[in-house]
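> Take this sequence and fold it.
(chains A and B)
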Amino acid sequence: MRVLRAIVFVILTIILVWVLDKTLGSLPAIGRLLDPVQGCLANAEPVNYDFSQNIKCASLQHPVTVWLDSRMVPHIHATNDYDVYYIEGYIHAIFRLWQMDMETRAAAGRVSEVIGSKGFNYDRLQRRKGMVYAAENSLKAIEADPRAKLMLDAYSAGINSYIATLRYRTLPLEYKLMGFTPEPWTNLKSALLLKYMADDLTGYTEDIPLTYLRDMLPAATFKALYPEKIQDSKPVIPMGTVFAPPSLTALPQPNDSVWSHFKASDFAQPRDEGKGSNNWVLSGSRTQSGAAILCNDPHLGINLPSLWFEVQLQAPGMNVYGVSLPGAPGVVIGFNDSITWGFTNNYRDVKDFYEVHRVTGGKDKYWFAGKQLGFDNRVERIKIKDKPDYVDTVRYTIQGPVLYDENYHGPGGLQKPLAMCWMAHRATSELLSIYLLNRATNYTEFVDAIMHFECPAQNMAYADRAGNIALWGQGQFVNKWKEQGRYIMNGADSAGLWKELIPMRENPHALNPGQGYLASANQSVTDSTYPYYYNGTFYEFRAWRINQVLDTMHKATVQDMFALQNDTYSILAANMLPVMLANISFVNDKYTQKLKNWNCRLEAESKAATIFQVWWNYLYAGLWEEHFKNVPDNLWPLPERTMQLIQSREINSYCGKGNGIGTFEEVVQLSYQKTTDSLKKLEATTGLEWYKVKNTSIKHLTKLPAFSVPGLKIGGWGNVVNAAKSDHAPSWRMVVQMGKEIEAYAVYPGGQSGNPGSQYYADFVNNWVSGKYYRLQFFANTAQQAADKAKFTINFNPQ
Amino acid sequence: MRFLLHVLLIAVISAYAEWIWAWWMIAVVAFMVMGFTRAKPAESFLSGFLGVGLSWLCIALWRDSANAHVLSGRMAGVFNLPGYPWFIAVTALIGALVGGLSALTASYVRRIV
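Model prediction:
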């Protein structure tokens, strides 16, 4: 009996320990996690933690000093290129290792390995998009240049040197929660991260729904509702800029057989108004100080840890400050002691689709230019936690990977095989561009540097201490015939293939224009005098507003720039509200009273802002929903275009009984009724304040609410300059005045540390919300710094 | 007196052993300490429970106060607990249970050898 009891208790104890030491599904190993010695409490960084230390690194060449300022921005001082990137990798890993790991897994389609089958569909899509194929191509280009190769080799070695120091106790918290450990870093991972950005910025495409719409609508209607360039656009490159004559001849548009035609299928492509960005530069003629000012706020998904990490890098011939992407070396957006630059997304279409015609009977062949060609197969093995591997064969045609087919349906059950040709698949070396940008000392060197920036295409603003300003619509583009790639093409027709590349020096650009400023906010890149054809997805509201403000600004200060970056004035509201109110002039309730006294600003606490936004949404849907109910969901005419149609009264021809809806007046009235119903519900629940309704939140990458910051009291929207939507927002607000002394200010929604147990995890958020900036500490490129500048000093020494 | 000595021994040795090896050393240490002595099952359980529980509670409180509750507050949220003190309490309780069960087992095993 006693023996039995003893055995039972021994077994019970073993089971208890075993259960607490084991990850169960998505539940972490509780015992291991809660252990205060090695578990999560080991990640509780003391608030007075002293980061100063001496670290020995195996493959470092010479000693490197890192000063951490009071905001934990590292200022890395090295005596050669290898060491500076080695330490940047090491520092990125200290603060952001788990994030780097997850983002590169997300790029490569390797999320299921650590989160199990709920990541499977996502992974499969990434594989079919050819993300790893793209990264492998780019890695070859990067490693072909000795500078970029050194940069990346050093960076990876630095990360691995940090990973080698890790034990369970020192692992980032999320590894403990998710129950996996970091694997060695590789150059491919950095290449993947850059492709992850390229996908985020150039992945969106309207080719599929546009193909359907073009066939469905009369040609004139299609052109009126979906113009390639919106009228009255204030393009990135100002109107009247004289473009150099093209070195390539324009190609004739082939006959209709080059297109693919689709019938009614439901392709759900959510229109995304959020991924925008603003940048502008003012020449000295427009600033109070007489020095050029550059401003940039790229709008991206806002997460914790933030996509960005602030850093200063110093090596012989380089002293650069700005934001880096943890997972890649260098500074992406920022300034050095001579120049400053900033990016917005360019949105020219660099992703085209082709319908694949397979040879009947021969599964492994397809038709191209009258010949049968064999697919190139790429086997993708997707590892899934606690499940057997899944093997997917992705076929590649001469155009690119077959994204959708009968085994992997497109949106809405699209079964036609579609191959995808995408600039991001090409062997491009943006890293070399970053390397050169970080060292550029004047406009010529800036231009030389950006000639290697091929994808994602960016509007690159430039200013220097000599007072020059410039803006380039930069990227690698193809010399396309009219409308090439705007719709899905017939893959069997060779005329659809991408042929010559446009020499990058012929990309649209402007240097020191007469107007004294340049601005981009994802609007059309040029006026119609630009000699090469392009299409894209362009947004105009923010550009209209920025141009409106800058046009009348003559003695601009950095404070004016802060105000403009945080501006919430809605051009849409200013133009539409009078028309909308005029159509319900008989109504005089508390909502219309609020609207009549409103300044058209989407401020955080404005109730009128909510009333307008809700009303506009109902009106917009009321106008288009019925027309396009069987069509590619959400690809309605742009709000910009809708506004113009209303202003010109052309909207009347899309209203009325013949169109299945009421007259315009009736649509406005009905939309107002729906609005008041919704507003009453909102009043009873969340409240009418705009910030409560739009709920801007910064989510942790795992979506864990406890690690996220929800419900921020911030105004704005995607169509105003301060583009703070619910999960996309200005991810890095930067203002740099290039005077005798460089004055730089910035803020981002996050914190330098990726550790949820650190006081530096989200410490910039409040200032970001309230539109406040930090004065950036730009250290001189010297081996010693004044004692009050650095809060901590880390000395790295070779072993 | 002997009871207090056991509690203290378990607390100190398990903390050290965890630092060197892994968290489950608390079970091993509680078992070993109570296996070398002759204690009633209830007393044995309490020694393990209090030994590991106090050790985890003290280390957790020490780390948490230095951290101004930043991490414990967030972890409480992860486990849907109302606040950081609960997280500390749950932490100590889990350790205490493992220590207690292991010590109890030791006393039963001791009785048959």
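> Quick one: the helices in chain B, in order.
B:2-20, B:25-35, B:41-66, B:70-78, B:84-112 (DSSP state H).
> Nearest spatial neighbour of residue A:742, chain-adjacent residues omitted?
Leaving aside its sequence neighbours, residue A:742 sits nearest to residue A:778 (Cβ to Cβ, 6 or more residues apart in numbering or on different chains; 5.8 Å). C-beta: built from backbone N, CA, C; applies to glycine.
> and if you look at residue A:339?
Residue nearest to residue A:339 in three dimensions, not counting chain neighbours: residue A:464, with 4.5 Å by Cβ to Cβ, 6+ apart.
> quick one, what contacts the one you found?
By Cβ atoms under 8 Å, 6 or more residues apart in numbering or on different chains, the residues touching residue A:464 are A:292, A:338, A:339, A:340, A:442, A:443, A:446, A:738.
> among the residues you listed, which ones are buried?
With neighbours counted by 16 or more other Cβ atoms under 10 Å in any protein chain shown, these contain buried members at A:292, A:338, A:339, A:340, A:443, A:446, A:738.
> mind putting those in TSV, secondary structure included?
Below are the buried ones among the contacts of residue A:464 laid out as TSV (DSSP: H, G, I helix; E, B strand; the rest coil):
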residue	secondary structure
A:292	coil
A:338	coil
A:339	strand
A:340	strand
A:443	helix
A:446	helix
A:738	strand
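> Need the phi and psi values for the residue of the stretch 551-700 of chain A found nearest chain B.
As assessed by Cβ to the nearest Cβ, chain B sits closest to residue A:700 within the stretch 551-700 of chain A, at 9.4 Å. Phi and psi for residue A:700, reported as degrees, to the nearest 10, are phi -70, psi 150.
> from memory it sits against residue A:756, does it?
Yes. Look at residue A:700 against residue A:756 with Cβ atoms under 8 Å: they come within range, at 7.2 Å.
> Those two: who's more crowded?
Neighbour tally, residue A:700 and residue A:756, criterion other Cβ atoms under 10 Å in any protein chain shown: the higher count belongs to residue A:756, 30 against 21.
> Please name the residues that touch that one.
Per Cβ under 8 Å, 6+ apart, neighbours of residue A:756: A:43, A:173, A:304, A:700, A:706, A:707, B:70, B:71, B:74.
> where does residue A:775 fall, phi/psi-wise?
Residue torsions, per degrees, to the nearest 10, at residue A:775 are phi -80, psi 120.
> Grab the nearest non-local neighbour of it.
Going by Cβ to Cβ, 6+ apart, residue A:775 has residue A:745 as its nearest residue, at 5.8 Å.
> Next: residue A:776.
residue A:744 (4.2 Å).
> how would you label residue A:295: helix, strand or coil?
Per three-state DSSP, residue A:295 ends up strand.
> For chain A, what's its nearest residue on chain B.
Closest point on chain B to chain A, by Cβ to the nearest Cβ, is residue B:77, at 2.7 Å.
> Report the separation between the residue nearest to that residue when sequence neighbours are not counted and residue A:757.
What sits nearest to residue B:77 in space, not counting adjacent residues and going by Cβ to Cβ, 6+ apart, is residue A:706, at 2.7 Å. Distance of residue A:706 to residue A:757, computed by Cβ to Cβ, to the nearest Å: 12 Å.
> can you check residue A:494 too?
From residue A:494 to residue A:757 the distance is 58 Å (Cβ to Cβ).
> same check, this time on residue A:673
51 Å.
> more neighbours, these two?
Applying other Cβ under 10 Å to residue A:673 and residue A:757 shows that residue A:757 carries more neighbours, namely 24 against 12.
> Report the contact partners of the more buried one.
A:40, A:43, A:44, A:45, A:173, B:67, B:70, B:71, B:74.
> repeat that for 7 Å
Under the criterion of Cβ atoms under 7 Å, 6 or more residues apart in numbering or on different chains, the neighbours of residue A:757 are A:43, A:44, A:45, A:173, B:67, B:70, B:71.
> Find the helix or strand that the closest residue in space to residue A:57 that isn't next to it in sequence is a member of.
Spatial nearest neighbour of residue A:57, chain neighbours left out: residue A:161 (5.1 Å); criterion: Cβ to Cβ, 6+ apart. Assigned by DSSP states H and E, residue A:161 falls within helix A:146-163.
> What ranges does the stretch 601-750 of chain A have for its helices?
Using DSSP state H, counting those that start in this stretch, the helices of the stretch 601-750 of chain A run over residues A:607-624, A:639-647, A:664-684, A:690-694.
> Of all these, which one is nearest residue A:198?
When the helices of the stretch 601-750 of chain A are compared by Cβ to Cβ, helix A:639-647 sits nearest residue A:198, at 26.1 Å.
> tell me the mean pLDDT over that closest one?
Here helix A:639-647 scores 96 as its mean pLDDT.
> Next, the angle from it to helix A:607-624.
80 degrees (axes from the mean of the first three to the mean of the last three Cα atoms, to 10 degrees).
> which residues are contacting helix A:639-647?
Outside helix A:639-647, the residues touching it (Cβ under 7 Å, 6+ apart) are A:225, A:227, A:230-231, A:540-541, A:572, A:575-576, A:579, A:620, A:623, A:651, A:719.
> Does residue A:9 touch residue B:106 like I think?
No. Residue A:9 lies out of contact with residue B:106 (Cβ atoms under 7 Å); the separation is 8.9 Å.
> so how far is stretch A:718-732 from its chain's centroid?
11 Å (Cα atoms, centre = their mean, to the nearest Å).
> Could you pull up the mean pLDDT of it?
On average, stretch A:718-732 scores 93.
> Now the terminal residues of it, how far apart.
End-to-end span of stretch A:718-732 (Cα to Cα, to the nearest Å): 15 Å.
> So for that stretch, what gets flagged as buried?
Applying a neighbour-count criterion of 16+ other Cβ under 10 Å, one finds A:718-726, A:728-732 buried in stretch A:718-732.
> Which members of these are the farthest-apart pair?
A:719 and A:732 (20.1 Å).
> Now which of the contacts of helix A:639-647 would you call buried?
A:225, A:227, A:230, A:540-541, A:572, A:575-576, A:579, A:620, A:623, A:651, A:719.
> Could you count how many residues lie near residue A:285?
Around residue A:285 there are 15 residues (other Cβ under 10 Å).
> For it, give me its contacts.
residue A:516.
> Show me the strands in the stretch 51-200 of chain A, by range?
For the stretch 51-200 of chain A, applying DSSP state E, counting those that start in this stretch gives strands covering A:53-57, A:64-68, A:74-77.
> For the shortest one, which helices and strands make contact with it?
Read it as strand A:74-77. strand A:64-68, helix A:81-108, strand A:309-315 (3 or more Cβ pairs under 7 Å, 6 or more residues apart in numbering or on different chains; DSSP states H and E).
> Would you reformat those as TSV and include mean neighbour count?
As requested, the helices and strands packed on strand A:74-77 are exported to TSV (neighbours: other Cβ atoms under 10 Å in any protein chain shown):
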stretch	mean neighbour count
strand A:64-68	22
helix A:81-108	24
strand A:309-315	25
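> Could you dump those into a markdown table with distance to chain B and mean pLDDT added?
Formatted as a markdown table, the helices and strands packed on strand A:74-77 follow (distance: least, Cβ to the nearest Cβ, whole Å; pLDDT from 0 to 100):
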| stretch | distance to chain B | mean pLDDT |
| --- | --- | --- |
| strand A:64-68 | 18 | 97 |
| helix A:81-108 | 15 | 97 |
| strand A:309-315 | 20 | 98 |
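> With distance to residue A:296 added, can I get those in TSV?
Below are these laid out as TSV (distance: least, Cβ to Cβ, whole Å):
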stretch	distance to residue A:296
strand A:64-68	25
helix A:81-108	21
strand A:309-315	14
